[in-house]
Each structure stands twice: as C-alpha cells, then as structure tokens.
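# Following is a predicted model, sequence given first.
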Amino acid sequence: EDKGQERGSCHRWQEKSKKGARREVEMVSLTSSDVKTWIQLFCCCSEPAFMVFYGLSPGKHMKLSPAAEEVATFFAKMLDHEYTTKEVFQKNFFKDWRKEMTSEEKSKITDLKKCDFSEMSEYFKAQSESRKAMTKEEKQKIKEENERILQEYGFCLMDNHKERIANFRIEPPGLFRGRGDHPKMGMLKRRIRPEDIIINCSKDSKHPKPPPGTKWKEVRHDNKVTWLVSWTENIQGSIKYIMLNPSSRIKGEKDWQKYETARQLKKCVDRIRAQYRDDWKSKEMRIRQRAVALYFIDKLALRAGNEKEEGETADTVGCCSLRVEHLTLHQEMDGQEYVVEFDFLGKDSIRYYNKVPVEKRVFKNLQLFMEDKEPEDDLFDRLNTSILNKHLQELMDGLTAKVFRTYNASITLQQQLNEITNSEDNVPAKILSYNRANRAVAILCNHQRAPPKTFEKSMQNLQTKIDAKKEQLADAKRELKSAKADAKVRRDEKSKKIEEQLMKLEVQATDREENKQIALGTSKLNYLDPRISVAWCKKFGIPIEKIYNKTQREKFAWAIDMAEKDFQF
DNA sequence: AGTGCAACTTAGAACGGTTCGA
DNA sequence: TCGAACCGTTCTAAGTTGCACT
C-alpha cells in the first residue's frame, strides 16, 4: 500500500536520493539462527555419536568429541564433490579439523587418508532421503514454518517503511569453498556467535536481544551506511553484512542512480573515446597504458582489475591486472590484421577467451608494453585501478571503470531492440528478438554457463514435438482441402491454430539452441537499465511478466512505474 | 603514491519447488 | 502418476570503489 505513495515521478526519486543519509531504522528483529545451531549442537550429543573409522587399528571406531565430530560431518556431507579429492582442500581441512580435536584425538588421528567417513556420509544421505519422502502435509508444515520465520525475522522498518531484508540468516559454519583454484578451499568457516555481531539501527529503536547469557559485540547507530548487521568472517578477514532486499527503496534508488550515471556517459562517450585514441600517441608510457586499458574496458567490457594479494585468493585478473601471459599478439590471423588473443581467468575464475582485431596503434603499443617482459609480468606496469579511476573522474563526474560495462550493456540492448524488433511479429517472435538482444549483451559481458547436462536430449525432445506438430498441420491442411464449403471456415481456423502452435515451438527451439552456453540472468539483473525493457514492453504490447518474473518486477518496480513507451536509454 | 579497510555491487552454484510430457 | 526438465530462490564468494592514514 505504501509503495504508491513513496514511488512517484522520476523527480521525487531524484530529490530523495540527493538528501543522502537515511533517517530512521528500527529493527523488527534479527534471526536467531545462531541460537538454533547451538541447540542442534547440543542435541547431537544425546544422539548416538558418529564414528570415524580409523585405519591404523582395523575395525576400530572412534567416538569423537562434539567439536571434532561437527567438523568431520562438514567433510562427510561433501564427499560426493570433486573438490574434496583435491590436495589443497584436504590439507586445509585436516589442519583446521585438528584444531578442533582433543589432545587424545589429535594424537590418534594423524592422517586424513586413514579416516573413513562413509558411515557419516550414509547417515546424511539417509536423512536427505527421508526428507524427500515426507508427505505433502509434512512438507506444507515446513513451508508454513519458513514463512513464519520470514515474517518474524525477514523485515525491518526503515524511514517508517517496512522493508524486506535480503539475507537475514547468519551464515552457518561449514567448510569454505572458493571458486576456481582457491588456496583456502577446505578451511573451516567458523560459527558466528553473538559476540561477533554488530547491530546498526537508530538510537530509539528496539533492537533484537542477544540470546540469553550472551552479548552483541556492539550496537551502533550509523545512519550513513545501509547495513543492519555485520560481522567479520574468518577466512579472508572481510566484513559480511546483512542488508535490505533489492526491492527496498534504498537499493532501488542506488540502482536508478547507477543507470543515470551510465546515461551521463552516453552524452560524453564520443569525447572520451576521441581522447583515449589520442592518448595512444602520448610521449608518456603511463598515459599510453591508461589509454589502451581504457580502450579494452570500453570495447571488450572488461572489469577494472584490482591487484590481489597472492596466495589469499584464486589467481584471476581484470583489465589493469592483465599479465603478459594472458595476451598473444598475431600480426595476422584468419585473414585479419593485428589480432589480439586474450586468454585469462576473470571473476569467479570464469575463462575469458577472445580473438579481437584491434587498431594498428593499439597493437604497436601492446608490443611495446610486452617488450623485455617475462610472461608473469604485468602488462600495464604503470597503471592500476586507482590511477585509472582518478583519470575517469576527471573526464566525467561519477565516472569509474565499471560504468563502461553498464553503459555498453544497456546501449547494446537498446540498439539491438530498436534494430531487430519487428512490430508485425506475434508475441513469441518478439520475445525471441528480446532474448537475442539480451544475448548480445551477455556475450559482450562474457556471462557464460556450462551447457546444461541434459541439453542435447531436451533439444531432441523439442524437435520430436515439432515434427509431430508438422504432421498434425499437414493432416489439418488435407482435411481443409477436402472439406465442404460450409465446413471450410471451421477447418481453416483449426489449421491456423496448429500453425501458431508450430511456430511457437520453433521459436522455442531456436531460442534454446542459441542460449546453449549463455547466461542471461546476470546482465538482466545488474547491467540492463530496466526502463529499456519496460518501455519496449509498453511499445509493443508485451506483458511485463513475459520479461520479468515476480522477484524481478519487485526489484525493478521503480522502472515499471517510471518508464513510458518512448523511453530511450 | 601506497596500503588497508569498509561498504557496496556483481556472480555462479546449489537447492528446491513447479511444470510438463510419457 | 511419476520422473525429468525447468525455473526461481537462496546462498555467499568475489569483485569494485572510495576513503583514511602514512
């Protein structure tokens, strides 16, 4: 009910966001999942304890202390995963597991390879089976309980608005799984206790009480930040936050601002491009490097690429942190001149592989940057993200490296939609056009996915359906021909209907085939100005539900309210 | 300029419920 | 009616950016 009052025109949003600090936050309550895990831990002692078979004394079981047992169960639950076989994972796990052992356990359990977790593993498999085998009623009951928990803990009051909290559950303990080749995989992610928790709310707010006998680390009242709760995590030592859902006012305003900045860039991108092209000729190496890096960020939508501490994370790079080994220069390749072959691991260790023809000047510069360097040397040794962003800030207020990704993603969607939407098409065909435009963006941003395991089979199934439909259509056409005049109209309608169904299936097949290795979700959620899609829907009479599901409509409510059919990015 | 921290956005994997076709 | 495929949701890791401090 409140939405309508709060969300009005574009202007009201702008005014509000200019004010800066939010005012009042009242915590309704914080989840007590920490309490629950305590109880669970406690209870497991009254159950028959798990055993680890220990190979040195054949046939002997070992009853573990509760702390060592819990950590062992984390490992047992993951046994089916490939990464538990990795040396780094095992080494890290075993080291942290031993820290939880009693001195007796420590002296007995000295080699992970001699531990047999299969009994534990079976126990959890059986548990998951029995969970699956629950009756409808039991499942319904759990669902209702989850809903109750959501209602009780999942909301807060900010500036007198009840807002949904995104991640209101404290992260449970477990074994850390980084992405890619992570040096810390397998380490124990420890349990968060009330003493780790900082609560942030307004002074007069009734904030949740810590579990009996415990204290929060701190209760503070900082209205310059948006988080409600924070704690420090033990793997990287970084801070974790509980924040609001994307549907909240505070997130929506930020999102809108982000796209407005990208639209600002649209106005001056020609100037900026002219400047960096000019800078390719600079006498100063640092300026040339800056200009070539910016060209990559603009043309290829690369991320900025901060330096990372070696050995703390997986070895991944972005633009500024590219190394010589990540590029191969080809004077000529497949009939094209000056081709740069990129091959590196980006965020989340997703591979970026691309062969790009570049301007001669860029090519010559790259040769220069790579001269007399080892493969593991930085390509841009006179550049980092801080230098680059400082330069961008001078070119346009609010401009940073990531704005280029947002800008290029959104402008591509807009251009593609303008170009390929055919107003004569029916709804499924128009949606195919939309998905194709979305795909162009996903390819630009390198949002890949592994082809679904069942891809080939599901394509085949679809083809079978199409063949059957074609058969059906042929039948209908024959019947139409032989039908008497009075039945013709009815027959004609019938075959029209079948034709439409066939067309729908064929569109579906094309869409799925083209989407084989591409993930659309990330760009849709984070890079594409939703007003482009809303306007497109309005212009071509497409129901918004065909483009955005419920959650997405909630997140983009501001755009759905705001954008008219003639909005252009 | 370099470093480290804090706060925020972006990301794919895993999970679990729903739908669809045999 | 059942299982496979699909699709949305949850989870939390992994980025970017700005700022304080030296």
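All right, it came through fine. Numbering: from 1, shown residues only, chains lettered A, B, ... in the order given.

# So which residue is dead centre in chain A?
In chain A, the C-alpha nearest the mean C-alpha coordinate belongs to residue A:522, at 5.8 Å (CA atoms, centre = their mean).

# And the contacts of whichever strand or helix holds it?
Assigned by DSSP states H and E, residue A:522 belongs to helix A:521-526. Helix A:521-526 has contacts (CB atoms under 8 Å, 6 or more residues apart in numbering) with A:409, A:438, A:441-442, A:445, A:447, A:552, A:555. All C-beta atoms are positioned from the backbone trio N, CA, C, and that covers glycine.

# From the residues you listed, which land in helices?
A:409, A:438, A:441-442, A:552, A:555 (DSSP state H).

# re earlier: sort the contacts of helix A:521-526 by pLDDT and name the bottom one.
In terms of pLDDT, residue A:447 ranks lowest among those, with 84.

# Distance check, that one against DNA strand B.
If you measure residue A:447 against DNA strand B using CB to the nearest atom of the strand, to the nearest Å, the figure is 5 Å.

# related to what we said a few turns ago, contacts (any at all) between DNA strand B and the helix holding residue A:522?
Yes. Using CB under 7 Å from any atom of the strand, helix A:521-526 reaches DNA strand B at A:521-523, A:526.

# Now find how far off-centre the helix or strand that comes right after that helix is within its chain.
Next along the chain after helix A:521-526, taking DSSP H and E as the criterion, comes helix A:530-540. In this view, helix A:530-540 has its centroid 24 Å away from the chain centroid, taken as CA atoms, centre = their mean, to the nearest Å.

# who does helix A:530-540 touch, helix- and strand-wise?
helix A:401-420, helix A:427-444, helix A:557-562 (3 or more CB pairs under 8 Å, 6 or more residues apart in numbering; DSSP states H and E).

# Would you reformat these as a markdown table and include distance to residue A:395 and mean neighbour count?
Converted to a markdown table, those look like this (distance: least, CB to CB, whole Å; neighbours: other CB atoms under 10 Å):
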| stretch | distance to residue A:395 | mean neighbour count |
| --- | --- | --- |
| helix A:401-420 | 11 | 21 |
| helix A:427-444 | 22 | 20 |
| helix A:557-562 | 27 | 20 |
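
# Output the ones you listed as TSV; include the columns distance to residue A:79.
Shown next, in TSV, are these (distance: least, CB to CB, whole Å):
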stretch	distance to residue A:79
helix A:401-420	39
helix A:427-444	35
helix A:557-562	44
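
# can I assume residue A:255 sits in a helix?
Yes. Under DSSP: H, G, I helix; E, B strand; the rest coil, residue A:255 falls within a helix.

# Any idea how many residues pack against it?
Neighbours of residue A:255 under the rule other CB atoms under 10 Å: 19.

# Who are the contact partners of it?
Neighbours of residue A:255 in contact, by CB under 8 Å, 6+ apart: A:246, A:555, A:558.

# Contact partners for residue A:194?
Applying CB under 8 Å, 6+ apart, we find residue A:194 in contact with A:34, A:210-211, A:214-217.

# follow-up on the earlier one: out of the ones in helices among the contacts of helix A:521-526, flag the one nearest to residue A:140.
Set against residue A:140, the nearest of the ones in helices among the contacts of helix A:521-526 by CB to CB is residue A:552 (26.9 Å).

# So what's the predicted local confidence for residue A:288?
pLDDT at residue A:288 comes out at 96.

# just checking, it is part of a helix?
Yes. Under three-state DSSP, residue A:288 sits within a helix.

# which stretches of chain A aren't confidently modelled?
Counting by pLDDT under 70, chain A shows low-confidence ranges at A:1-60, A:450-458, A:484, A:486, A:490-491, A:494.

# Show me what the longest strand that it contains is packed against.
Looking across chain A with DSSP state E, the single longest strand is strand A:336-345. Applying 3+ CB pairs under 8 Å, 6+ apart, one finds that strand A:336-345 contacts strand A:327-333, strand A:351-357, helix A:360-370.

# That one near DNA strand B anywhere?
No. Residues of strand A:336-345 are not located near DNA strand B by CB under 7 Å from any atom of the strand, the shortest gap being 11.4 Å.

# Count the neighbours of the residue in the stretch 251-400 of chain A positioned nearest to DNA strand B for me.
In the stretch 251-400 of chain A, the residue that lies nearest DNA strand B is residue A:254 (3.6 Å; CB to the nearest atom of the strand). Neighbours of residue A:254 under the rule other CB under 10 Å: 13.

# residue contacts, residue A:432?
A:507, A:510-511.

# ok, now residue A:227?
A:200, A:241-243.

# Count the residues that sit near residue A:336.
For residue A:336, using other CB under 10 Å, the count is 12.

# repeat for the one 10 residues further on
Taking other CB under 10 Å as the neighbour definition, residue A:346 ends up with a count of 17.

# Could you do the one 5 residues further on as well?
The burial count assigned to residue A:351 is 13, neighbours taken as other CB under 10 Å.

# and it, what does it touch?
So residue A:351 contacts A:343-345, A:448 (CB under 8 Å, 6+ apart).

# just the buried members of these?
A:344-345 (16 or more other CB atoms under 10 Å).
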